[in-house]
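sequence and predicted structure below; questions after.
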Amino acid sequence: MSSNILAINNELTNIDEPATILDNKELNNFVRNYQKFVYHTALRYTKDYDLSEDITQEVFLKALKNINKFKNKSSIKTWLYRITINECKNQFRRKKLFNFFNFTSREEEGNEIEDRVFISNTNPENQYLMKETELLFLKAYQELPEKQRETFALRYFDELSYEEISEILGTSIGGLKANYYQAVRKIAKKLNYEIGAQNG
Amino acid sequence: MDKDIYKKLQELLPDYVFGRLQNSDKEFFELNYINYPDLVKEVEEIKAVFNRFDKMDFDNLLANKTRNISVKIIEKREKNKKYNQIGSFSYLIRYALPVAIIITFLIYLVEKNNKQDIIGSNNNFNDNSISSQFENDTLDFVLQGVEYLDLDQDNLILTEENLLSEYIENEMIEIENINYENMLFLSDINNLSDDEVIYLIEKMQK
């Protein structure tokens, strides 16, 4: 019996069959459509590239295992977002327990993204300038309150609609728009101040 | 200043700067925001900052970091399928076997405690097994004595049994005698006067 998976606008609908009978091509398409979204969500929480990759894999494996339970009450992205957040929390709990028995200092781990997030192909002078801007941007972005940060990330990076973000975060659309405006404004002000201070 | 329009312009501002407004909203914004100098200034500030980096760079980074994820997921899924096929067996190894080992060990401990040492392989002694160390030592002594005396092997068992009984009986009598003497001694002490006790203690200390 063939699966009833239809890809319409990159959404999965009419899932009647368990994911075990998904062939690799269908699975590949499904993962490729949402992997950046899941990875970015995990990266925002964990601030760790490798851990985010592991979490992304676990999220998709869990999603595929439970895909027949997906009732189309929410969008796929909302569903994946929730799985991702839960998996991040699970990882943190495991990590906490592991560190407790290994007496690892949390200061050694670090909680900030020190690495470059953006890759640029421009000339070296611009590369240097952009690197500084990227770091300043990251710093300003991480200093945002959680709701503003999440709204900004989902709207600016993941390009979700306000309706989708509202479903994910449980915030009204009007509230999201206000959060987004405030986030963008704060980042711009912070960067302009920092860049102005550097230039003297 | 119309508060509603101002609020709507604020909500549209980020998407206008990032070029994500629909045409109707874009026209509305461009028509009205110029009436609010603070909004005009904000648009310029935001453009100045966000034009310094390209969101495509971040998209490329994400694409780079996730390019092999689908392959890894397929591989993991295949592994999990194989694992599930031997799932019941691994369940047995993981849970049932350790439990069985623990139960076996507990049974062994219980059996060990319940074992009674039986002296002599031919069971010629009476049915009451002798297990105390004192009695084992006594028997060793008796057996040594039998060997020393070079007694007749046929009569060995009967002789050992009689010797043991007689030895134990003598020991018990002696213990009773000692206790009786101690009792008498204690009774005598109780009847002594204080001076007589002091005299006794001084004498003992000398």
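Everything's here; your move.

is it true that A:Y34 touches A:S75?
No - between A:Y34 and A:S75 there is no contact, the gap being 10.7 Å when judged by CB atoms under 8 Å. All C-beta spots, glycine's among them, are computed from the backbone N, C-alpha and C.

ok, the strand or helix carrying A:I195 near chain B or not?
Per DSSP states H and E, A:I195 falls inside helix A:173-199. Yes - using CB under 8 Å from any CB of the partner chain, helix A:173-199 reaches chain B at A:174, A:177-178, A:180-181, A:184-185, A:187-189, A:191-192, A:195.

write a ChimeraX command that selects only the buried members of those residues.
The buried subset of the residues of helix A:173-199 next to chain B, as determined by 16 or more other CB atoms under 10 Å in any protein chain shown, is captured in ChimeraX by this line:
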select /A:177,178,180,181,184,185,187,188,191,192,195
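
from the residues of helix A:173-199 next to chain B, which shows the smallest pLDDT?
By predicted confidence (pLDDT), the lowest-ranked of those is A:I195, with 76.

how about it, what does it touch?
For A:I195, the set of contacting residues under the criterion of CB atoms under 8 Å, 6 or more residues apart in numbering or on different chains consists of A:133, A:136, B:49.

what helix or strand is residue 42 on?
You didn't say which chain, so I picked chain A. Counting by DSSP H and E, the secondary-structure element that holds A:A42 is helix A:24-46.

actually, chain B is the one I wanted.
Element membership of B:E42, judged by DSSP H and E, is helix B:37-50.

show me what that helix is packed against.
Helix B:37-50 sits against helix A:173-199, helix B:3-17, with contacts defined as 3 or more CB pairs under 8 Å, 6 or more residues apart in numbering or on different chains; DSSP states H and E.

follow the chain on from it and name the next helix or strand.
helix B:55-66.

could I get the average pLDDT for that following helix?
Across helix B:55-66, pLDDT averages out at 74.

what packs against it?
Helices and strands in packing contact with helix B:55-66 are listed as helix A:24-46, helix A:49-65; criterion 3+ CB pairs under 8 Å, 6+ apart.

low-confidence ranges in chain B?
Within chain B, the set of residues satisfying pLDDT under 70 comprises B:1, B:53-57, B:83-91, B:115-168, B:175-176, B:178-187, B:189-190, B:206.

ok, now with 90
Counting by pLDDT under 90, chain B has low-confidence residues at B:1-4, B:48-100, B:108-206.

what segments of it are strands?
According to DSSP state E, chain B carries no segments that qualify as strands.

who in it is up against chain A?
Counting by CB under 8 Å from any CB, the positions of chain B adjacent to chain A are B:10-11, B:13-14, B:17-18, B:20, B:42, B:45-46, B:48-50, B:52-55, B:57-66, B:69-70, B:72-74, B:76-77, B:80-81.

PyMOL command to pick out the buried ones of the residues you listed?
Here is the PyMOL selection string for the buried members of these, based on 16+ other CB under 10 Å:
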select buried, chain B and resi 10+11+13+14+17+18+42+45+46+49+50+52+53+54+57+58+61+62+65+66+69+70+72+73+77
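
re the thing from before, A:A42: which of the helices and strands packed on helix B:37-50 is closest?
Ranking the helices and strands packed on helix B:37-50 by distance to A:A42, with CB to CB as the measure, places helix A:173-199 first at 20.3 Å.

picking that back up, hmm, who's touching the helix holding B:E42?
Identification of contacts with helix B:37-50 by CB under 8 Å, 6+ apart yields A:133, A:137, A:184-185, A:187-189, A:191-192, A:195, B:6, B:9-10, B:13-14, B:16-18, B:33-34.

just stretch B:3-23 next, same as before
Counting by CB under 8 Å, 6+ apart, the neighbours of stretch B:3-23 from elsewhere in the structure are A:155-156, A:159, A:174, A:177-178, A:180-181, A:184, B:25-26, B:28-30, B:32-33, B:36, B:39, B:42-43, B:46-47, B:50.

cutoff 10 Å now
By CB atoms under 10 Å, 6 or more residues apart in numbering or on different chains, the residues outside stretch B:3-23 that reach it are A:152, A:155-156, A:159, A:162, A:173-174, A:176-178, A:180-185, A:188, B:2, B:25-30, B:32-33, B:35-36, B:38-39, B:42-47, B:49-51, B:55.

please, where are all the helices along chain B?
Ranges of helices in chain B, per DSSP state H, are B:3-17, B:23-32, B:37-50, B:55-66, B:69-85, B:87-91, B:97-114, B:133-149, B:156-191, B:194-205.

let me see the contact set for A:S166.
Taking CB under 10 Å, 6+ apart, we find A:S166 in contact with A:78, A:151, A:160, A:172-176.

what does A:G170 give?
Applying CB under 10 Å, 6+ apart, we find A:G170 in contact with no residue.

got a pLDDT number for it?
90.

next, it: phi, psi?
Comment: the main-chain dihedrals of A:G170 come out as phi 70, psi 30, following degrees, to the nearest 10.

and it, how far from chain B?
Distance, A:G170 to chain B, using CB to the nearest CB, to the nearest Å: 19 Å.

B:D59 against A:Y39, yeah?
No - with contacts counted by CB atoms under 10 Å, B:D59 stays clear of A:Y39, the gap being 11.6 Å.

show me the contacts for B:N68.
Residues in contact with B:N68 (CB under 10 Å, 6+ apart) are A:35, A:53, B:75.

now render those as CSV, adding neighbour count and distance to A:N29.
Compiled in CSV, the contacts of B:N68 are given as follows (neighbours: other CB atoms under 10 Å in any protein chain shown; distance: CB to CB, whole Å):
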residue, neighbour count, distance to A:N29
A:Q35, 25, 11
A:E53, 20, 20
B:E75, 12, 17
